[in-house]
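S.K.: Sequence first, then the predicted structure:
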Amino acid sequence: MSFLIRDKIALVTGANRGIGKAIVESFLKHGAKKVYLAVRDPKSTAALEEQYGPQVKTIQADVSDAASIKALAEAAQDVEVVVNNAGVLQMEDLFSANAEAALKKEMSVNVFGLLYVAQAFEKILKSNKGALVQLNSVASIKNFTDASTYSASKAAAYSITQGLKDKFAEHGVVVLSVHPGPIDTDMGQQVGFEEMDSASNVSEGIVASLEAGEFLLFPDPMAKQFASVYQSYADAMITAEAAE
């Protein structure tokens, strides 16, 4: 099912930097009417507000807090596309004493955050025949040893995204699962990849994939390598029913 960004009202969590900021810029470039900037620190979006004026509106929100996300949905009743971009990465060895704390933090933001967003915006997206975009990762389909707890959280988020696709489908709500590889953001720098792709390639890919009605997006060179071997499985097992 095709979903065009032009003239739509969007909301992006973690909109102040990295991929989130790029998504805001791409949506406005492609004609979005307004974009809500959902961030923990409202001061962090000052530059975006100065650049885009009334086309953007900042709302304080914490995706790991269910009450905060409920309040976010109440403040954005007119939203038509929700992008759950906010995420955290804790680099901890599995044998580290800090591994448990890292996993709890990543699950709180990366998994429960998605659940809170989906539940809070369920009725709004159904009513507006909207779209939900979830930023997952190539780590959702393959464990990266030095980021095992992060990989586990993204695998869980991807599983929930598949469930949301099926639950929303009968109501005309589009769901897109995005699986970037190394992207030139603060998180990418934290992992230490030598070659990283531009965040704008992810954001532009989201616009194109929504228009094409696709469920999966592998936007960058590493991600496309994953797609080359994963796509046949996905076609047969993940999206087969939707294709029938």
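M.R.: Received it, and whenever you're ready, just let me know what you need.
S.K.: what stretches of the chain score poorly on pLDDT?
M.R.: Using pLDDT under 70 as the threshold, the predicted model of the chain has low-confidence ranges 185-194, 241-244.
S.K.: How are the helices of it distributed by residue range?
M.R.: Assigned by DSSP state H, the chain shows helices spanning 18-29, 46-52, 66-75, 99-106, 112-128, 148-169, 186-191, 199-212, 221-233, 240-243.
S.K.: most neighbours per residue, which of those?
M.R.: helix 18-29 (a mean of 23; mean count of other C-beta atoms under 10 Å). C-beta: built from backbone N, CA, C; applies to glycine.
S.K.: Give the other helices and strands that it contacts.
M.R.: If you count contacts as 3 or more C-beta pairs under 8 Å, 6 or more residues apart in numbering; DSSP states H and E, helix 18-29 packs onto strand 9-13, strand 34-39, helix 46-52, strand 81-84, helix 199-212.
S.K.: could you redo the last one with a cut-off of 6 Å?
M.R.: strand 9-13, helix 199-212 (3 or more C-beta pairs under 6 Å, 6 or more residues apart in numbering; DSSP states H and E).
S.K.: check contacts around the nearest residue to Phe144 once chain neighbours are set aside.
M.R.: Spatial nearest neighbour of Phe144, excluding adjacent residues (C-beta to C-beta, 6 or more residues apart in numbering): Ser151 at 5.3 Å. By C-beta atoms under 6 Å, 6 or more residues apart in numbering, the residues touching Ser151 are Ala139, Asn143, Phe144.
S.K.: most surrounded residue in these?
M.R.: Each of the contacts of Ser151 was scored by neighbour count (other C-beta atoms under 10 Å); the top score is that of Ala139, with 23 neighbours.
S.K.: from what I can see that residue touches Lys154, true?
M.R.: Yes: with contacts counted by C-beta atoms under 6 Å, Ala139 reaches Lys154, the gap being 4.8 Å.
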